[in-house]
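> Mind folding the following:
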Amino acid sequence: MRIFSNFDEIKSAVGTEIGVSDWIEVTQDRINQFAQATCDEQWIHVDQERARREAPGGTTIAHGLLSLSLAPLFIRSVMGLKGLRNTLNYGADRIRYLAPVPAGSRLRGRITVAEAEDVPPDGLRVNYHLVIEIEGGKKPACVAELIALHYR
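As a prediction, the model looks like this:
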C-alpha cells in the first residue's frame, strides 16, 4: 500500500506504477449477482449447462462491466491519500475488454498514475491507467483510463 501525504506527492507520481492489487476470485455466484443487479442475464454469463455445450471456453464468463466494477477495490487496495474529504468517479476516457474472464478466474489490478491536475479550490483530478490481469492469462481482461476527483 502506497500512502500519499498530499496532492503534490500524487502529482510527482505521474507516469509511475503505484501498485498491484491482490488477486480476487470471480465466482459464478458473483457473476450471477451482477447479472441480476444489472438485468444482463445473457446465457453466456449465467447458464452453466449451455455454456458447457456452446461457449468457446466451455464455461460461463464474467460481464466486462463486472471486471471494470472492481476498479475502486483495486485502486483503494494499493494507495491511500491522507487528508481526503471524498473522492468522486469522474468517468473514463478509454475502456477495452481484451480477453474473456471465465467463471472461477482470479483478477488483479495494476495501477499507474497517468495524469494529475489541480481542480480549484480544493480538488485534484487524477487519470488512472488500470490493467486488469487474469491469473495465468496471456492478455489482460481489461485496460481502462479512469478519472477520479479527489477533494481535501
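> Where is the longest strand in the protein?
Assignment by DSSP state E gives strand 106-119 as the longest strand of the chain.
> List the buried residues of that strand.
Under the neighbour-count criterion of 16 or more other C-beta atoms under 10 Å, strand 106-119 has Leu107, Arg108, Gly109, Arg110, Ile111, Thr112, Val113, Ala114, Ala116 buried. From N, CA and C alone the C-beta is placed, and that goes for glycine too.
> same for it, what does it pack against?
helix 7-12, strand 17-20, strand 24-25, helix 71-78, strand 123-134 (3 or more C-beta pairs under 8 Å, 6 or more residues apart in numbering; DSSP states H and E).
> Just say which of the ones you listed is most tucked in.
strand 123-134 (a mean of 21; mean count of other C-beta atoms under 10 Å).
> The very next helix or strand once past that strand - which strands sit beside it in the sheet, and in what orientation?
Proceeding N to C from strand 123-134, the next assigned helix or strand is strand 142-151, under DSSP states H and E. Using DSSP bridges, strand 142-151 pairs in its sheet with strand 86-97 (antiparallel), strand 123-134 (antiparallel).
> okay if I get the ones you listed as a markdown table plus mean pLDDT?
Output for those, formatted as a markdown table (pLDDT from 0 to 100):
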| stretch | mean pLDDT |
| --- | --- |
| strand 86-97 | 96 |
| strand 123-134 | 98 |
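> okay if I get these as CSV plus distance to Asp40?
Below are the strands paired with strand 142-151 laid out as CSV (distance: least, C-beta to C-beta, whole Å):
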stretch, distance to Asp40
strand 86-97, 14
strand 123-134, 18
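> Alright, I will stop here.
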